[in-house]
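[1] how would this look folded up:
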Amino acid sequence: MKERECDHHDEYDERKRRRVIWALLGLIVVAAFVVFLVWAILHPHGPRFVLQDVTINDFNVSQPNYLTSNLQVTLSSRNPNDKIGIFYDRLDIYASYRNQEVTIARLLPTTYQGHLEVTVWSPVLIGTAVSVAPYLSPALDEDLMAGLVLLNIKIDGWVRWKVGSWVSCSYRLHVNCPAYINVPRQLVGGVGPAMKYQLVQRCAVDV
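    All right, here's what the predicted structure looks like:
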């Protein structure tokens with residue numbers, strides 16, 4: 001008789017545990033669905049970057065193929081969402097020439113951007129005697145002779161979305177801002193005043 005009572009008690013405990021487990025799983029599914037539903041309704045849009053201007057302080061090529069550059073860039077970022085904030089985490093900005101990095105990556109400050117807000121950065125990008133790949137040297141020489149060089153100002157980093165008190169996980173951010181720069185010969189030779197170019201060039205953004 002005691003064995004039957006024990007068996008019945010064990011079965012009851014097992015059913016109770018299963019109900020608790022299923023209840024917890026149900027709550028998790030409902031919470032995940034609510035988060036997904038809110039996310040789908042709000043449908044966050046990626047930030048919009050604009051390259052405002054570039055100031056060339058130095059752009060000098062020495063033999064055989066070393067490039068020294070010093071430029072200050074001004075970029076703005078706008079959050080187009082009216083209900084979603086954006087956290088910018090660890091943004092590295094640098095200049096590249098034909099996909100080769102020609103300045104040292106500069107770390108931008110961590111920033112929170114509220115609804116429809118605009119953030120502006122003006123970092124100085126420097127590359128000292130950067131070795132240009134041999135296959136790029138002829139193209140760079142031709143561009144400098146023509147006085148027109150295409151640089152790409154790039155940003156690599158992470159963003160998080162904020163809805164109310166909820167913050168998403170991190171998403172990779174890639175920004176590419178093309179900048180056609182007129183480089184006078186006296187600047188290429190390492191002399192002459194700095195040259196500032198107003199661009200207002202919209203950038204390609206991938207999140």
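[2] What segments of the chain are strands?
    Taking DSSP state E to define them, one finds strands in the chain at 48-62, 66-78, 85-97, 100-101, 106-108, 111-113, 118-121, 124-131, 148-163, 166-167, 171-182, 195-202, 204-206.
[3] okay if I get these as CSV plus distance to Ala32, mean pLDDT and mean neighbour count?
    The C-beta positions use only the backbone N, C-alpha and C, and glycine is treated the same way. Below are the strands of the chain laid out as CSV (distance: least, Cβ to Cβ, whole Å; pLDDT from 0 to 100; neighbours: other Cβ atoms under 10 Å):
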stretch, distance to Ala32, mean pLDDT, mean neighbour count
strand 48-62, 30, 92, 18
strand 66-78, 30, 94, 20
strand 85-97, 22, 96, 19
strand 100-101, 40, 96, 15
strand 106-108, 33, 97, 15
strand 111-113, 26, 96, 16
strand 118-121, 32, 98, 15
strand 124-131, 43, 94, 15
strand 148-163, 15, 95, 19
strand 166-167, 12, 88, 11
strand 171-182, 18, 94, 17
strand 195-202, 36, 89, 14
strand 204-206, 26, 97, 13
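[4] out of those, nearest to Ala139?
    strand 85-97 (8.8 Å; Cβ to Cβ).
[5] which other helices and strands contact that closest one?
    Strand 85-97 sits against strand 66-78, strand 106-108, strand 111-113, strand 124-131, strand 148-163, with contacts defined as 3 or more Cβ pairs under 8 Å, 6 or more residues apart in numbering; DSSP states H and E.
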